[in-house]
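In: based on what follows, work out the 3D shape:
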Amino acid sequence: MASTALSSKSRWLRTLTETAVRDRMSWRGMLVLSSFWFAIAYTMQPLGGNIIPLLVTRFTTPATFILGPLAIPLDVNTYVSVLDTIGAAFAIVWQPAIGALSDNSRFRFGRRRPFIAIGVVGDIIFLTLIAFVTSYWALLVVYVLFQMASNTAQGPYQGMLPDQVPADQRAEASGYYGLMNMVGTIFGFLVVGALLIPTHHVRLAILTLPLVIAIAGALVIFGVPDRQRTSVASHPVGRSIVLSFAIDARKYRDFAWLMVSRLFFLMGVVGISTYAFNFIRFTFHYSEGKASLYSSALQAVVVVFAAVLAMTAGFLAERYGKKRLVAAACVIGAIGSACLIFAPSLPWILAFGIVVGGSLGVFLSVDWAFMTDLIPKAEAGRYMGVSNIATASAGFIARPILGPIIDAVNNNRTSTAGYRVMFAIVTAFYLIALVTLRPVREIKVE
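Out: Below is the predicted model:
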């Protein structure tokens, strides 16, 4: 890791001046830097893919909302979409603002580290509370608070890659990010979804989430040197927060178009991951434990195949170009989701899940490097925070579209037609992502 121009001699909280040269980073340094992505994935994937659908099903019953002449069915998919959409709204607003604050902060122990520490503490508190809620509305409140805490850590954390990694190593570092994301997802689904929930240890499964966050948070806080801002901020704090939601789309139009493409790609990912548990549970009439086991198997198959590609695609990007690999990911995702429309049985679903996994692995392995090439490095925290708008907006847009459509087409918990319609819509999302990628150029911005 970078070791020059130390501004703090603290053994545990090392800081660098903002002008310190970015030294080449070892593979150990990249593992430590990317470890928090393991924790994010371990937490978010089983939380959204297993725990939230399971708890919502326990806490709700089917109902009908009367709107004039319309009778709108409200069932588990709609309730899940409401909860996740509100949580995503906070993520959209909160993360860019905190990212901008960290860009301009002048704390003694670094500009990113204090926000990450606060977010990690909040994550631990609110994830623990989720294990003990007993109603849908209590779950909603605690989940929103968790989203605020999580994004307090994630916004500044995303700025650490361009802060610490030299330009010629960012593709490799992005591969580590993608790999740790995949590995965290696999472990999350195996431990939470395939081991603990099927054996009726739901509360214990939830409590593993804050434990993993605490360990990875400590690794990043104490193991990664942060940069201390010494220059005066170019804008007052209030204006910086307002600016955190805006980018210069004309000057950095490639980044803007990449965010649009990223939005639609992730809308496809969100659609499949959010409703896989309910799709498998109600299609095959499984208990919650068995549904958790098989939905985790599906998503683990997706992620294992994605992880294999994530280890190589980051290096392939340097040879064939990042844009080509992202385009390939869009095409593969469209093929996999289209095949899921007609999947007749669980083995076929797992087989087509491998195709979707290939798409996700290729995308995530080059995604971060592509973005960091297209943003101004002096405002990395703000622009990477803005990238979360594409991430969080994917859930904010896709879930309120897909959840009610599934329930409206199904009209009960035994029908499966709504899930087939969902896969068709997801296919369209991937194709739109491909089309909107076309204007993006492969350039490097300093």
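In: mind listing what's buried in stretch 57-71?
Out: The neighbour-count criterion (16 or more other Cβ atoms under 10 Å) identifies Thr57, Phe59, Thr60 as the buried residues of stretch 57-71. (Each C-beta comes from the backbone N, C-alpha and C, glycine too.)
In: repeat that for stretch 192-202.
Out: Val192, Gly193, Ala194, Leu195, Leu196, Ile197, Pro198, Val202.
In: how close does the fourth one sit to Ser296?
Out: For Leu195, the distance to Ser296 under the criterion Cβ to Cβ, to the nearest Å works out to 9 Å.
In: same question for Val142.
Out: 23 Å.
In: with neighbour numbers in mind, choose between these two.
Out: Ser296 (28 against 19; other Cβ atoms under 10 Å).
In: isn't that one right up against Ala194?
Out: Yes. If you go by Cβ atoms under 8 Å, Ser296 and Ala194 touch, sitting 4.3 Å apart.
In: low-confidence ranges in the stretch 151-300 of the chain?
Out: 229-249 (pLDDT under 70).
In: which residue ranges of it form strands?
Out: Secondary structure of the stretch 151-300 of the chain (DSSP state E, counting those that start in this stretch): strands at 226-228.
In: in it, which spans are helices?
Out: Here the stretch 151-300 of the chain has its helices, by DSSP state H, counting those that start in this stretch, at 160-164, 170-188, 202-223, 237-243, 253-283, 288-320.
In: wait, Pro38 sits on Leu179?
Out: Not quite, residue 38 is Phe, not Pro. No. Phe38 lies out of contact with Leu179 (Cβ under 8 Å); the separation is 9.1 Å.
In: of the helices of the stretch 151-300 of the chain, which approaches Val326 most closely?
Out: helix 253-283 (7.2 Å; Cβ to Cβ).
In: okay, the angle between the closest one and helix 170-188?
Out: 10 degrees (axes from the mean of the first three to the mean of the last three Cα atoms, to 10 degrees).
In: and Asp103, how far from Pro376?
Out: Taken as Cβ to Cβ, the span from Asp103 to Pro376 is 11 Å.
In: same drill for the two, tell me which one is more crowded.
Out: Taking other Cβ under 10 Å, Asp103 and Pro376 do not tie; Asp103 has more neighbours (28 against 16).
In: the more buried one reaches Glu379, doesn't it?
Out: Yes. The criterion here is Cβ under 8 Å, and Asp103 meets it with Glu379 at 6.0 Å.
In: tell me the contacts of the closest residue to Tyr136 other than its chain neighbours?
Out: Excluding the flanking residues, the one nearest Tyr136 by Cβ to Cβ, 6 or more residues apart in numbering is Phe59, at 4.0 Å. Neighbouring residues of Phe59 by Cβ atoms under 8 Å, 6 or more residues apart in numbering: Thr134, Ser135, Tyr136, Leu139.
In: just flag the most distant two among those.
Out: Thr134 and Tyr136 (9.5 Å).
In: what about the residue nearest to Tyr136, distance to Asn412?
Out: To Asn412, Phe59 is 19 Å away according to Cβ to Cβ.
In: next: Val362.
Out: Separation of Val362 from Asn412 (Cβ to Cβ): 38 Å.
In: likewise for Leu360?
Out: Distance of Leu360 to Asn412, given as Cβ to Cβ: 31 Å.
In: quick one, which of Thr134 and Tyr136 is more surrounded?
Out: The neighbour count for Thr134 versus Tyr136, taken as other Cβ under 10 Å, is higher for Tyr136 (15 against 9).
In: these two touch, right, Val426 and Ser337?
Out: Yes. If you go by Cβ under 8 Å, Val426 and Ser337 touch, sitting 4.4 Å apart.
In: what do these two both touch?
Out: With Cβ under 8 Å, 6+ apart as the test, Val426 and Ser337 both reach Gly268, Ile272.
In: re the thing from before, neighbour count for Leu360 and Asn412, which is higher?
Out: Leu360 (30 against 11).
In: and the host helix or strand of the more buried one, what does it pack against?
Out: Assessed by DSSP states H and E, Leu360 sits inside helix 346-373. Secondary-structure packing of helix 346-373 (3 or more Cβ pairs under 8 Å, 6 or more residues apart in numbering; DSSP states H and E): helix 160-164, helix 170-188, helix 253-283, helix 288-320, helix 322-341, helix 380-410.
In: would you turn those helices into JSON lines with distance to Trp368?
Out: Shown next, in JSON lines, are those (distance: least, Cβ to Cβ, whole Å):
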{"stretch": "helix 160-164", "distance to Trp368": "6"}
{"stretch": "helix 170-188", "distance to Trp368": "4"}
{"stretch": "helix 253-283", "distance to Trp368": "11"}
{"stretch": "helix 288-320", "distance to Trp368": "9"}
{"stretch": "helix 322-341", "distance to Trp368": "10"}
{"stretch": "helix 380-410", "distance to Trp368": "9"}
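In: these: which one's closest to Gln45?
Out: That would be helix 170-188 among the helices and strands packed on helix 346-373, by Cβ to Cβ, at 4.4 Å.
In: could I have the closest one exported to PDB, CA atoms only?
Out: This file holds the C-alpha atoms of helix 170-188, laid out as PDB (Å, rounded to 0.1, in the frame of the first residue of the first chain):
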ATOM      1  CA  ARG A 170      -7.500   0.000 -11.200                       C
ATOM      2  CA  ALA A 171      -8.700  -2.700 -13.600                       C
ATOM      3  CA  GLU A 172      -7.000  -5.300 -11.400                       C
ATOM      4  CA  ALA A 173      -8.400  -3.700  -8.200                       C
ATOM      5  CA  SER A 174     -11.900  -3.700  -9.800                       C
ATOM      6  CA  GLY A 175     -11.400  -7.400 -10.400                       C
ATOM      7  CA  TYR A 176     -10.700  -7.800  -6.700                       C
ATOM      8  CA  TYR A 177     -13.900  -5.800  -5.900                       C
ATOM      9  CA  GLY A 178     -15.900  -8.000  -8.200                       C
ATOM     10  CA  LEU A 179     -14.400 -11.200  -6.800                       C
ATOM     11  CA  MET A 180     -15.000 -10.200  -3.100                       C
ATOM     12  CA  ASN A 181     -18.500  -9.200  -4.000                       C
ATOM     13  CA  MET A 182     -19.100 -12.700  -5.500                       C
ATOM     14  CA  VAL A 183     -17.400 -14.600  -2.700                       C
ATOM     15  CA  GLY A 184     -19.400 -12.600  -0.100                       C
ATOM     16  CA  THR A 185     -22.600 -13.400  -1.900                       C
ATOM     17  CA  ILE A 186     -21.800 -17.100  -2.100                       C
ATOM     18  CA  PHE A 187     -20.900 -17.300   1.600                       C
ATOM     19  CA  GLY A 188     -24.000 -15.300   2.500                       C
END
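In: what angle sits between that helix and helix 202-223?
Out: Using the same axes, to 10 degrees: helix 170-188 against helix 202-223 is 150 degrees.
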